[in-house]
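1. only the shape, not the letters, is given here:
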Ligand code: TMP
């Protein structure tokens with residue numbers, strides 16, 4: 001069988017050349033990593049679950065007019081996406097204290113934040129994804145002020161929408177990470193769209209009643225039942241088949 005051309009391989013996904021120009025196939029692996037790749041493992045079936053969960057969330061976002069790279073799911077582990085120029089900034093949006101912000105400011109995990117807090121991190125494995133300010137981002141040319149405006153307003157819309165959607169199925173959106181890309185249209189216009197994935201790999205999702213962790217923190221902190229947690233998120237969203 002002819003192999004497709006592999007464009008990029010990351011920690012949790014592989015990108016292959018798509019069937020038409022301007023498209024890519026995003027393949028979801030079971031591999032998991034944490035702490036800048038110092039901890040690695042395999043969560044059996046994670047790729048299948050994240051493919052479904054991300055398809056579901058990206059589709060709901062498209063319905064409210066939030067542009068994403070997602071086109072359609074192709075099979076258990078693959079989805080067709082639009083090829084975008086990835087902006088090398090991870091946008092983290094936090095609603096409750098957890099993880100690095102809880103540690104940095106000594107805030108008890110789960111404490112609601114006075115308002116949603118947005119942080120930027122420069123995507124660099126070599127540097128360990130350092131936190132950066134808008135000044136760094138624009139001065140070093142990673143994104144323009146206009147790009148950042150679009151990323152911030154899209155990010156906050158996604159946050160508001162996902163908080164409600166997830167609370168409807170008994171999940172608290174503690175925090176999450178988004179990636180954005182530049183999509184060039186046929187008439188050479190550029191739009192900022194959501195890229196990558198939205199899944200328990202890059203969201204902290206807690207049971208709204210018990211605060212049970214139902215996300216990658218189960219892997220990071222060796223809490224056990226990692227696969228079961230991802231399955232529970234998929235089940236609540238109605239995408240477990
Ligand atoms: P943090 O508390 O470790 O800074 O993480 C905040 C959120 O961002 C959490 O939901 C996990 C997600 N995240 C990623 O998806 N990728 C990353 O490289 C990091 C550092 C965090």
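-> Received the coordinates, thanks. All values reported here derive from a predicted model rather than from experimental measurement.
2. my guess is residue 24 meets residue 6, correct?
-> No: Residue 24 is beyond contact range of residue 6, at 10.5 Å (criterion: CB atoms under 8 Å). Every residue, glycine included, has its C-beta placed from N, CA and C.
3. using the three-state scheme, assign the closest residue in space to residue 101 that isn't next to it in sequence.
-> The spatially closest residue to residue 101, leaving aside those adjacent along the chain, is residue 94, at 5.9 Å (CB to CB, 6 or more residues apart in numbering). Counting by DSSP: H, G, I helix; E, B strand; the rest coil, the backbone at residue 94 sits in strand.
4. what about residue 214, distance to the ligand?
-> Separation of residue 214 from the ligand (CB to the nearest ligand atom, to the nearest Å) stands at 12 Å.
5. my error: substitute residue 166 in the last question.
-> 13 Å.
6. wasn't that residue part of a helix?
-> Yes: counting by three-state DSSP, one finds residue 166 located in a helix.
7. the residue of the chain found nearest the ligand: what's it in contact with?
-> Scanning the chain for the residue nearest the ligand gives residue 99, at 2.2 Å (criterion: CB to the nearest ligand atom). Residue 99 makes contact with 109, 175, 204, 217 under the criterion CB atoms under 8 Å, 6 or more residues apart in numbering.
8. just residue 92 next, same as before
-> 118, 119, 120, 121, 175, 176, 177, 178.
9. could you redo the last one with a cut-off of 6 Å?
-> Contacts for residue 92 (CB atoms under 6 Å, 6 or more residues apart in numbering) come out as 119, 177.
10. any idea what it is bridged to?
-> Per DSSP bridges, the residues bridged to residue 92 are residue 119, residue 177.
11. could you do residue 25 as well?
-> Beta-bridge partners, per DSSP bridges, of residue 25: residue 16, residue 80.
12. of all the residues in this protein, which ones are close to the ligand?
-> Selection of the chain residues close to the ligand by CB under 6 Å from any ligand atom yields 92, 98, 99, 100, 101, 129, 175, 176, 177, 202, 203, 204.
13. buried members of these into PyMOL, please.
-> The following PyMOL line selects those of the residues of the chain next to the ligand that are buried, judged by 16 or more other CB atoms under 10 Å:
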select buried, resi 92+98+101+129+175+176+177+202+203+204
